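Peer 1: here is my input; please provide its structure:
(one chain, ligands or ions: 2)
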Amino acid sequence: MKAILTDIEGTTSSIAFVAEVLFPYARARLADYVAAHPAETAPILAEVAFSEPGDPVATLTRWIDEDRKATPLKALQGMIWADGYAAGAFTGHVYADAVEGLRAWHAAEVKLYVFSSGSVAAQKLLFGHSDAGDLTPLFAGYFDTTTGPKREAASYAKIAAAIGFEASAVLFLSDTPEEVAAARAAGMDALLIDRAGGGGDIASFDEVNAVRSPLASPAKAGAQ
Ligand SMILES: CSCCC(=O)C(=O)COP(=O)(O)O
Ligand SMILES: [Mg+2]
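Peer 2: Ligands and ions are numbered 1, 2, ... in the order given. From the prediction side, this is the model:
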C-alpha cells in the first residue's frame, strides 16, 4: 500500500462533532456572515439560487438541517468555521487512534490524503486546529466534492491520477458503504469503518494494519 485516502466524518472524526458542534455553529451565523461578507459569498449564493430558486440563505439553512453534502454549502460552512477555530470556540475532533495511525503511516512514508464532503479549506482547518494540535504536516493533499461526488467511482479515479498512484496502490477509509463501493469500483482497496463496532471491516484505525499491513511496504518518494 503506497497511499491512504481518508474520509473525515465518521472516520477520522466523530459524527457528533460535525453534527452537534460544527453544523450548529455555521447555522447560527449563516445570515450574519453573508450580510457581512457580500462580495465573498455572492458567487455561493448565486449557485444556491440557481440550484433552488428562492431565498438562498433559507435554502442553505434547510440544507444544513438535511445534512446535504452540497458543494456551495460546504464552501460557506468552511468560511464560517474559520472564525470559530480562530476564536477558539472549538478544536477539530480527531479520534486518538486516527492520530496515532496517521502519524505512524506518515513516519513510514505512506502518503496520506483526505477526501471529504467538507471543503478543502474546512479540512485544513479541522486538522490544523485539531484536539491533537496541527496535523496538516501529515497530509500530502486534500480533495473535496469539487473533484466529484464521493459516491461515484470516477471521483476516485481522478484522485488516483491527481496524486500519481495506480488506484490499486491506494487504500480508502470511510464510514459510508456507498463511498467504499465507489472507491472499489475505481480499483482502489477500501475498508468500511464502523466506529460503533457493527458491520464494518474495521472499528478503528488500530485495526487497519492487521487487515492490510500498509506499513510493510512504505511508499517510495519516487512513486509520485
Ligand atoms: C471537513 S470538516 C466538516 C465535515 C463536513 O462538513 C462533512 O460533510 C463531512 O463529510 P465526510 O465526507 O467527511 O463524511
Ligand atoms: Mg464520512
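Peer 1: which residue does the protein bring closest to ligand 1?
Peer 2: residue 118 (2.2 Å; C-beta to the nearest ligand atom). The way it works is simple: take the backbone N, C-alpha and C, and place the C-beta from them, glycine included.
Peer 1: quick one, what contacts that residue?
Peer 2: For residue 118, the contact set (C-beta atoms under 8 Å, 6 or more residues apart in numbering) comprises 8, 9, 74, 77, 78, 126, 144.
Peer 1: out of those, what pair is the most spread apart?
Peer 2: Across these, the longest distance by C-beta to C-beta is 13.6 Å; it joins 9 and 78.
Peer 1: could you pull up phi and psi at residue 115?
Peer 2: The phi/psi pair for residue 115 (degrees, to the nearest 10) reads phi -130, psi 110.
Peer 1: start at 593 instead
Peer 2: Will do, 593 is the new start, and the previous item becomes residue 707.
Peer 1: number of residues surrounding it?
Peer 2: If you count neighbours by other C-beta atoms under 10 Å, residue 707 ends up with 26.
Peer 1: correct me, but it touches residue 765?
Peer 2: No. The pair formed by residue 707 and residue 765 falls short of the contact definition of C-beta atoms under 8 Å, at 9.6 Å.
Peer 1: joint contacts of those two?
Peer 2: Common neighbours of residue 707 and residue 765 (C-beta under 8 Å, 6+ apart) are 597, 598, 599.
Peer 1: and those near ligand 2, which?
Peer 2: Among the shared contacts of residue 707 and residue 765, the ones lying near ligand 2 by C-beta under 5 Å from the ion are residue 599.
Peer 1: make JSON lines from the shared contacts of residue 707 and residue 765 and add secondary structure to it.
Peer 2: Formatted as JSON lines, the shared contacts of residue 707 and residue 765 follow (DSSP: H, G, I helix; E, B strand; the rest coil):
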{"residue": "597", "secondary structure": "strand"}
{"residue": "598", "secondary structure": "strand"}
{"residue": "599", "secondary structure": "coil"}
